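K.L.:
Here you go, sequence then predicted model.
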Amino acid sequence: MKIVVGHLYPDYLNIYADRGNIAVLSRRAAWRGHELEVRSVSVGDPLQPNEHDLLYIGGGQDREQALVAQDLASKAEGILEAVGEGSAVLAVCGGYQLLGRSYRDFHGLDLPGIGLLPFDTIAGDKRMIGDVLLECELEPGVRRTLAGFENHVGRTRLDPGAHPLGRVVAGFGNDGESGFEGCRVGRVVGTYLHGPLLPRNPWFADWLLVQALAHRLGEAPELIPLPDELETEAHAVSARRAESRGGRH
Ligand code: GLN
């Protein structure tokens with residue numbers, strides 16, 4: 001099965017090797033006999049709402065975000081339509097911030113978001129940096145952890161009733177106060193976790209592949225399990241580093 005991924009602004013938003021997430025999705029798809037076709041969608045490129053099974057946008061500093069924000073806002077209608085028709089989305093840090101309604105950067109510049117996710121983000125005066133550990137429950141009663149690295153000045157405030165990606169076990173999370181991190185609406189996930197995220201969180205990489213395949217097939221398939229010893233060890237190392245920071249900040 002071909003899975004089509006739209007990689008938004010790979011030439012601008014790729015801080016902390018976030019493109020490694022694409023490499024993991026490609027390999028884990030191939031190990032199950034699927035082909036991941038990655039198509040770059042950058043400034044000035046058209047975005048066809050029904051073209052992609054998964055849209056991916058990585059992170060970047062305020063400067064890179066300012067370079068793409070207007071173009072991303074011009075794609076908002078197409079992205080919202082794609083999500084309405086079941087496309088999945090993974091957005092990391094700077095890309096995550098721009099999926100909200102707005103991002104006020106460190107210099108007070110208001111960047112438009114696309115309003116896909118229910119929040120606003122405002123830069124604070126302290127950069128939140130370090131290893132992070134989250135507890136997630138994407139399916140009722142199934143609790144799993146995500147480990148990663150965060151580096152952001154943005155404080156993301158979810159609207160009342162909005163669903164976070166997970167509860168902060170260690171680290172700052174969305175704003176260093178709420179105790180939660182990320183945001184999830186259906187097949188759309190935004191998170192501050194870099195790393196890159198997916199090599200050390202194989203269950204989540206597979207969850208994203210299932211969402212993308214569900215868009216293509218109309219129903220969520222079962223994926224054969226993979227021998228994830230190395231990935232599991234990488235997760236454990238990252239989780240231990242986060243926990244050694246001494247809990248939530
Ligand atoms: N520029 C944003 C911030 O500092 C996002 C940073 C990032 O993508 N790592 O909050």
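P.N.:
Looks like it came in fine.

K.L.:
Okay, buried residues for the longest strand along the chain please.
P.N.:
Identified as the longest strand of the chain according to DSSP state E is strand 119-139. By 16 or more other C-beta atoms under 10 Å, the buried positions in strand 119-139 come out as 119-123, 128, 131-134, 136, 138. Backbone N, C-alpha and C define where each C-beta goes, glycine included.

K.L.:
got it, and stretch 19-28?
P.N.:
Going by 16+ other C-beta under 10 Å, stretch 19-28 has these buried residues: 20-22, 24-26, 28.

K.L.:
Quick one: the buried residues of strand 119-139 as JSON lines, columns for distance to the ligand and pLDDT too.
P.N.:
Listed next are the buried residues of strand 119-139 as JSON lines, based on distance: C-beta to the nearest ligand atom, whole Å; pLDDT from 0 to 100:
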{"residue": "Phe119", "distance to the ligand": "13", "pLDDT": "98"}
{"residue": "Asp120", "distance to the ligand": "13", "pLDDT": "98"}
{"residue": "Thr121", "distance to the ligand": "7", "pLDDT": "98"}
{"residue": "Ile122", "distance to the ligand": "10", "pLDDT": "98"}
{"residue": "Ala123", "distance to the ligand": "6", "pLDDT": "98"}
{"residue": "Met128", "distance to the ligand": "8", "pLDDT": "97"}
{"residue": "Asp131", "distance to the ligand": "14", "pLDDT": "97"}
{"residue": "Val132", "distance to the ligand": "12", "pLDDT": "98"}
{"residue": "Leu133", "distance to the ligand": "18", "pLDDT": "98"}
{"residue": "Leu134", "distance to the ligand": "17", "pLDDT": "98"}
{"residue": "Cys136", "distance to the ligand": "20", "pLDDT": "98"}
{"residue": "Leu138", "distance to the ligand": "23", "pLDDT": "96"}
